[in-house]
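Chemist: Here is a sequence with its predicted model. Questions after.
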Amino acid sequence: MSETAPPIRSVLGVPVVALPWQDAIDLIRERIANRQFTLITWLNAHNANVAQTDAGFREALEHFLVLPDGIGVDIASKILHGASFPANLNGTDFTPAILKAETNPIRIGLIGAKPEVVAGAAAKFRQIAPQHDIRIVSDGFFTMAEEPGILASLKEFSPHILLVAMGVPRQELFMAQKLTPDHCVVAMGVGALFDFMAGAVPRAPALVQKLRFEWLYRLVQEPARLWRRYIVGNPLFLLRVMRAKLRGRN
């Protein structure tokens, strides 16, 4: 059965899927059912900034189904296209929702983070989606010499969904350059998701999430690591969006 291409909005040259929450879940479930090899990642203000300066990352994104993440890309969509995205499909909430929504038992593979973190994340995934076969393929601290063995393990396990948590842009480059339909059906670059699932990094309180200030909560939690991303990066992203608008681009 052929799939209707999802609606797309360009944000600083990156095509981003513009779908409501349930439609996005249905799209990914359909690709799993049809065994349609798909690479998935998210665009937020930080990733958009990286794409402006890292040509390799920008080229890799051409091979991905890119989902919107956060208030920054919503503001950009309003400026560039006159409306916010239909839903904030942030990976921290959206990825567990897919695993729970998929009622058919499938294989889930995990790559990334520290050994104790990926172990904690796997335990949490098994708790919220016990119908699936969830296995740790590797932590995220493997060497180039170990990479062929990891890819061989992936081929043997052949997960329907592979969650890759190695940070931007390393995870996207690994997925675009190393993964094929022999390794998995759908691969998702999930960033800090394993840290959140394992409890290694606390999520913002529900009210803060609802107000869409989770980025500020994260900044307060890890100022030394994240100040440049948010204090410098967010205004830079909005400046780039405004410049694109003035130049008639998106």
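Modeler: Noted; the coordinates are in hand.
Chemist: what about the closest residue to His183 other than its chain neighbours, which SS state?
Modeler: Of all residues not flanking His183 in the chain, Leu154 sits nearest, at 4.2 Å (CB to CB, 6 or more residues apart in numbering). In this view, the C-beta of every residue, glycine as well, is placed from N, C-alpha and C. With DSSP: H, G, I helix; E, B strand; the rest coil as the basis, Leu154 sits in helix.
Chemist: I'd say Leu154 and Val185 touch.
Modeler: No. Under the criterion of CB atoms under 8 Å, Leu154 is not in contact with Val185, lying 11.5 Å apart.
Chemist: pretty sure Ile231 contacts Val220?
Modeler: No. If you go by CB under 8 Å, Ile231 and Val220 don't touch, sitting 11.8 Å apart.
Chemist: Settle it for me: which of these two has more neighbours?
Modeler: Between Ile231 and Val220, counting by other CB atoms under 10 Å, Ile231 is the more crowded of the two (12 against 9).
Chemist: quick check, the more buried one in a helix?
Modeler: Yes. Assessed with three-state DSSP, Ile231 lies in a helix.
Chemist: Going forward, the N-terminal residue is numbered 139.
Modeler: Sure, I'll start counting at 139 from here, so that last one is Ile369.
Chemist: OK, contacts around it?
Modeler: Leu357 (CB atoms under 8 Å, 6 or more residues apart in numbering).
Chemist: Next one, pLDDT for it please.
Modeler: What the model reports for Ile369 is a pLDDT of 94.
Chemist: quick one: it from Leu292, how far?
Modeler: Per CB to CB, to the nearest Å, Ile369 is found 38 Å from Leu292.
Chemist: likewise Leu311?
Modeler: On the measure of CB to CB, Leu311 and Leu292 end up 16 Å apart.
Chemist: For Leu177, what are phi and psi?
Modeler: phi -100, psi 130 (degrees, to the nearest 10).
Chemist: Might you report the residue contacts of it?
Modeler: Leu177 neighbours (CB under 8 Å, 6+ apart): His201, Phe202, Leu203, Glu310, Met313, Ala314, Leu317, Val324, Ala325, Gly327.
Chemist: Look up how far Gln309 lies from it.
Modeler: 10 Å.
Chemist: thought Thr241 was touching Gln269?
Modeler: Yes. Under the criterion of CB under 8 Å, Thr241 makes contact with Gln269 at 6.7 Å.
Chemist: between these two, which one's more packed in?
Modeler: Higher neighbour count among Thr241 and Gln269: Gln269, with 13 against 9, using other CB under 10 Å.
Chemist: So for the residue nearest to that one when sequence neighbours are not counted, what's the pLDDT?
Modeler: Spatial nearest neighbour of Gln269, chain neighbours left out: Pro243 (4.9 Å); criterion: CB to CB, 6+ apart. Turning to Pro243, the model gives it a pLDDT of 97.
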